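> I would like the atomic coordinates for the input below:
(chains A and B)
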Amino acid sequence: MLISLYLEAAEAAHANLTRYDQAAGDGDFGDNLRDGLRGAYSRIPFTSDLAAEVEAAATYFLDEVGGTSGPLLGLLLQRLAAGVTATPSDVDGGIVRGLSDGTAAIQRVGEAKVGDRTLVDCLAPTLDGLRAAPGPIDWTAAAAAALAHARATADLTPRMGRASYVGERALGTPDAGAMGVALLFWALALYRRPESRHQLTAPGEA
Amino acid sequence: MFLASTSEYVDRALRGFARDHRDIVTLHTGPTYVRARDPNPNRRVGLVSGGGSGHEPMHVGLVGPGMLDAAVPGKVFASPHNRQVYEASRATAGPDGVLHIVKNYTGDRINFGIAAERLTHDGVPVARVLVDDDVATESAAAATGRRGTGATIIVEKLLGAAADRGAGLADLAALGTEVVARSRSIAVASASHTSHVTGQPGFALAPDEIEYGVGIHGERARRTIPRPPLEELVDRMVGDVVSHLPSGDRALLLVNGLGGTTTIELYNVFGLAEEALDRHGIAVEGSLVGTWTPALDMKGFSITVTMLDAERDGWRTYWDAPAWTATLRK
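The predicted structure follows:
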């Protein structure tokens, strides 16, 4: 299940996510992501397909998870589920279209642009790369790209979101939200290519 | 502050409000919102507003025939959760969807925005009117823009009347946006509110000083000025507001108490404001005086002017149209 893999990643990365958010925000992002995924996982019906499990997680994040980033992740998951549902014969394409729709929704709501140092700085360039690459999707490369984009937020001065209140003091630490989204790409890579685990950077090192 | 000793004093107040006005509203819990007991069958669009608590009677006191279909309260000075907005909107949407009336604060924008994305995803048409009338924040931090304050009351009244006549979603959104564009406010305070957290004043102010340009969340203004006589103060405030408005010869005037201001004071302000507007060649054709958009118990007041002209006589009709809410009745 995708959500159980995402939960595994959030558990492993919890300490680092908390440390990143303490440097620039209120320090609760690691808790919100992990506890949100735990709660979501407990709500998923046993027989769910990908769209159903992601839709159940989306509703949990939208309704129950605190902070601003929790419900925004809920929007991302809701559109991911819709993308997968829309094209049952093309799961990879549905995932990319769903995540792209979700990123657009997050940007409409949060008004963050690329470069503002938010989770958009992982989502937008990673998805741009996926849409531009010819042929079947290389999920292992996508997970690596997402991690690199999330790490690169350490060089961005915050203009929106959690870190905008501390300004340049956030420099040197990656954005917790961007890293939290990179973990979703780790989970997607493993979900689509279960044999790729040893090729991926472990979430504990994110 | 006279608040129940548990942390759920907002919910307690809402239960009391809903009992007191049980002929007009019902309280929904899990999640919390207040909705009109008898929705107008002519409406094609549900009107939903909301925001932090501590500004009562806004918004729950404006739910009912002629005004809002639902109001969504957050905790004191904090945005409501998107789920409250989403479920209140699902419950009250008409055949042409739902209109969100949102004051311009980051948290409200995001939470109403998330709810709007959920509604769109469900196939419910949704639009937003963003209220940003406070001229004290005209040039402040360009990214966030002007705060939304007293004009919200006028927007909700005019839109309520238009919605009762069966206006569609796009027309209501356009009307609301135009009302906002023709409405501006300014507020002053002579004493801070009492913090609901500490029980202490939010800030200290000498007796001969006032804060010029306060908001509705207990924050200080950007300027503290020597306290002028009320005649001078109101004249300056009206001048500030009018200078930020398009020209016109008639207006709606709202004089709003910030929570700790007496009725006799507010009517002094109203009389002086009407005279000041008259000197600008503006006749007051509709008015509202009272505590409509307070910042808990702050001692101060705001002046809101909505500029009308010959082309907008219809707004007067909307202003005078019947309404029957807990606090606004025509």
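
> packing partners of the host helix or strand of A:Gly83?
Assigned by DSSP states H and E, A:Gly83 belongs to helix A:69-86. Applying 3 or more Cβ pairs under 8 Å, 6 or more residues apart in numbering or on different chains; DSSP states H and E, one finds that helix A:69-86 contacts helix A:29-43, helix A:50-64, helix A:91-110, helix A:176-192, helix B:106-122. C-betas here are computed from N, CA, C, even on glycine.

> quick one: closest of the ones you listed to B:Ile24.
helix B:106-122 (23.8 Å; Cβ to Cβ).

> so what's the backbone phi/psi at the closest residue to B:Pro95 other than its chain neighbours?
Using Cβ to Cβ, 6 or more residues apart in numbering or on different chains and skipping the chain neighbours, the partner closest in space to B:Pro95 is B:Arg44 (5.4 Å). Phi and psi for B:Arg44, reported as degrees, to the nearest 10, are phi -100, psi -10.

> is the closest residue to B:His59 other than its chain neighbours part of a helix or strand, or is it coil?
Take B:His59 and drop its neighbours on the chain: the residue closest to it by Cβ to Cβ, 6+ apart is B:Ala71, 3.8 Å away. Following DSSP: H, G, I helix; E, B strand; the rest coil, we place B:Ala71 in the strand state.

> confidence score at B:Asp309?
We note a pLDDT of 88 for B:Asp309 in this prediction.

> could you measure it against chain A, distance?
33 Å (Cβ to the nearest Cβ, to the nearest Å).

> quick check: closest non-adjacent residue to that residue.
Distances taken as Cβ to Cβ, 6+ apart place B:Gly248 nearest to B:Asp309, at 4.3 Å, with adjacent residues excluded.

> SS state for the one you found?
Applying three-state DSSP: B:Gly248 is coil.

> that one contacts B:Ala310, doesn't it?
No: the pair B:Gly248 / B:Ala310 is not scored as a contact, 9.0 Å apart, by Cβ atoms under 8 Å.

> so which of these two has more stuff around it?
Neighbour comparison, B:Gly248 and B:Ala310: the larger count goes to B:Gly248, with 20 against 8 (by other Cβ atoms under 10 Å in any protein chain shown).

> how close does the more buried one sit to B:Val305?
9 Å (Cβ to Cβ, to the nearest Å).

> residues shared between the contacts of the two?
Common contact partners of B:Gly248 and B:Val305 (Cβ atoms under 8 Å, 6 or more residues apart in numbering or on different chains): B:Ile282.

> chain B contacts on chain A?
A:62-63, A:68, A:71-72, A:74-75, A:78-79, A:82, A:105, A:108-111, A:159 (Cβ under 8 Å from any Cβ of the partner chain).

> for these, which one is nearest B:Ala91?
Nearest to B:Ala91 among the residues of chain A next to chain B, with distances taken as Cβ to Cβ, is A:Asp63, at 15.3 Å.

> can you report how many residues neighbour the closest one?
18.

> same thing with B:Ala78?
18.

> my read: B:Ala4 touches B:Arg12, true?
Yes: counting by Cβ under 8 Å, B:Ala4 touches B:Arg12, with 5.1 Å between them.

> now do the helix or strand hosting B:Trp315: which elements does it pack against?
Taking DSSP H and E as the criterion, B:Trp315 maps to helix B:313-320. Judged by 3+ Cβ pairs under 8 Å, 6+ apart, helix B:313-320 is in contact with helix B:151-164, strand B:283-290, strand B:299-308.
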